[in-house]
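**Q** Coordinates for the following, if possible.
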Amino acid sequence: MNPQLDPYLYEQIANKIAILIEKKTFRPGEKVPSVRRLSLQEKVSISTVLQAYVLLEDRGLIEARPQSGYYVRLQRRSLPPEPAISSPSLSATSVNVSELVASIHDTIARRDIVPFGAATPSPELLPIRKLNRILAGIARDSDGEEHSYGIAQGSEELRHQIARRAVDFGCTFSGDDLVITFGCTEAINLCLRAVAQPGDTIAVESPTYYGFLQIIESLNMKALEIATHPRDGICLEALDSAITKNTVKACLFATNFNNPLGSCIPDAKKKQLVDLLARRQIPLIEDDIYGEIYFGTDRPKVCKAFDKHGLVMLCSSFSKSLSPAYRVGWSAPGRFKDEVRRLKLMNTLSCVLPTQITIAEMLRGGGYDHHMRRIRKAYASQVQNMAEAVGQYFPRGTRVTRPQGGFVLWVEMPPAVDSLELYRKALQSKISIAPGSLFSPKQQYRNCIRMNCAHPWSEKIHAAIATLGRFAHECAVL
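**A** Prediction:
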């Protein structure tokens, strides 16, 4: 046996680090020695140190952070209980959330703000260098075609790559069935315009992503909130009752890892949802923007996989996985494709070709799969760390969700805590959060907040959650 790979040797190295962690020489959130440095210190091979760190990961003592190294994990704590299923108002309403949304997004670019507010991925976890190399190669080798407008439907190669990968989540459409858009927001906007008119009622989850509410507001439509379970998503009984009592022109749901709850509709329930809406001939606009960021072993299917009548309009983008700045999204609008394509042509004519081709090459060349495996692991760890820290610092009675994908966490605090007041106090301390009232057209959930968990765990993040917890305690006794 190679003495450098002696199992007792790597266990000895692991035990040394474990003792240092126990003695608080390395505190939670702090970096442990790099693999190369520990290899030199202990006079062992890099392989032995890697084995030791894998063992420490398995014990839950450290965690790997992409392109950064290994860090001491928070001590595992019992999590607060989960929120109950929502119970929204049963009537449709006009929407007015734009002003507060704008104030939150104004903080996104500020480097001095701890960014818990907007659900944006961490630049540290994006494949920026690889994307830059691909884009530079496209620019270098361009014959001028990439500088044209391109067709409204989008890059043929990108549509082919998306269709090829759609098999993984149960779909069998072709590239010709797709329309490329400026992010998922434009895809949803076009789909809504294709099936509904101003004044029409759109069913949404409760709570729902405030971006959906902004689109509904901009189109002068009404939103009807449907009760939603924090793990299993939309309540089918409540939906059936709602579409019986109201004239609903379309449903707009995030079926996999809903924002803000992180709920994921089980595949069998997705089929029931599709069948329920098909009987009423109600289109489903399905947002799957977080579908690729799953923490388990299998990628969940989409409702589109069960669609036999072309009524499901699947929308997604690469903003959460590859680059928000590229603004590359897409839709598979089913029977409404021609209308969506027509609206796309009228709305923005076409999308930027170089970024579309860059994404297509990332999908084709295999770098995308490796990248996604890496960030799924990172986000799963970060969501867990955030939930545990909330349990440690927030007032008694706080509840948190248990997302199995995505990177947002929904926190329900005691009723006395006003999340708008908490938002204002936090911003004064340069911490951004998203108040719960943003996620309801009737501004419910005033004692809730959504937190972005995308940024790698650090002492700064830990301290910010502790500060939020202190402010929440203060708000609870005001």
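**Q** Could you find the closest non-adjacent residue to Tyr149?
**A** Closest residue to Tyr149 apart from its sequence neighbours, by C-beta to C-beta, 6 or more residues apart in numbering: Ser350 at 4.8 Å. Yep, even glycine has a C-beta here, placed from its N, CA and C like the rest.
**Q** actually Ile289, sorry about that
**A** Per C-beta to C-beta, 6+ apart, closest to Ile289 is Cys184, 4.8 Å.
**Q** The one you found falls within a helix, correct?
**A** Yes - under DSSP: H, G, I helix; E, B strand; the rest coil, Cys184 falls within a helix.
**Q** from here on, count from 818
**A** Sure thing, new numbering starts at 818, so read that last one as Cys1001.
**Q** tell me the contacts of the spatially most central residue of the chain?
**A** Nearest to the geometric centre of the chain sits Gly1223, at 3.6 Å (C-alpha atoms, centre = their mean). For Gly1223, the contact set (C-beta atoms under 8 Å, 6 or more residues apart in numbering) comprises 1074, 1076, 1079, 1107, 1110, 1137, 1196, 1200.
**Q** Which element, helix or strand, includes the closest residue to Ala1149 other than its chain neighbours?
**A** Spatial nearest neighbour of Ala1149, chain neighbours left out: Leu1131 (4.3 Å); criterion: C-beta to C-beta, 6+ apart. According to DSSP states H and E, Leu1131 maps onto strand 1129-1134.
**Q** which parts of that strand are buried?
**A** 1129-1134 (16 or more other C-beta atoms under 10 Å).
**Q** where in the stretch 1018-1167 of the chain is pLDDT low?
**A** For the stretch 1018-1167 of the chain, no stretch is flagged by pLDDT under 70.
**Q** Strands along that one, start to end?
**A** Secondary structure of the stretch 1018-1167 of the chain by DSSP state E, counting those that start in this stretch: the strands cover 1018-1023, 1039-1046, 1050-1051, 1065-1071, 1101-1104, 1129-1134, 1145-1149.
**Q** Residues contacting the fourth one, please?
**A** Applying C-beta under 8 Å, 6+ apart, the set of residues contacting strand 1065-1071 from outside is 1005, 1008-1009, 1012-1014, 1017-1022, 1025-1026, 1029, 1033, 1038, 1041, 1050-1051, 1056, 1059, 1082, 1090, 1094, 1099-1107, 1120.
**Q** try 6 Å
**A** By C-beta atoms under 6 Å, 6 or more residues apart in numbering, the surrounding residues in contact with strand 1065-1071 are 1012-1013, 1017-1022, 1029, 1051, 1099-1102, 1104.
**Q** that older thread, between the buried residues of strand 1129-1134, which is closest to Val912?
**A** Cys1132 (19.1 Å; C-beta to C-beta).
**Q** Contacts only, for the closest one.
**A** Cys1132 sits in contact with 1001, 1004-1005, 1104, 1148, where contact means C-beta under 6 Å, 6+ apart.
**Q** In space, what's closest to it - neighbours in sequence excluded?
**A** Closest residue to Cys1132 apart from its sequence neighbours, by C-beta to C-beta, 6+ apart: Ala1004 at 3.9 Å.
**Q** neighbours around Thr910, how many?
**A** 15 (other C-beta atoms under 10 Å).
**Q** before we move on, what about Arg1116?
**A** With other C-beta under 10 Å as criterion, Arg1116 counts 18.
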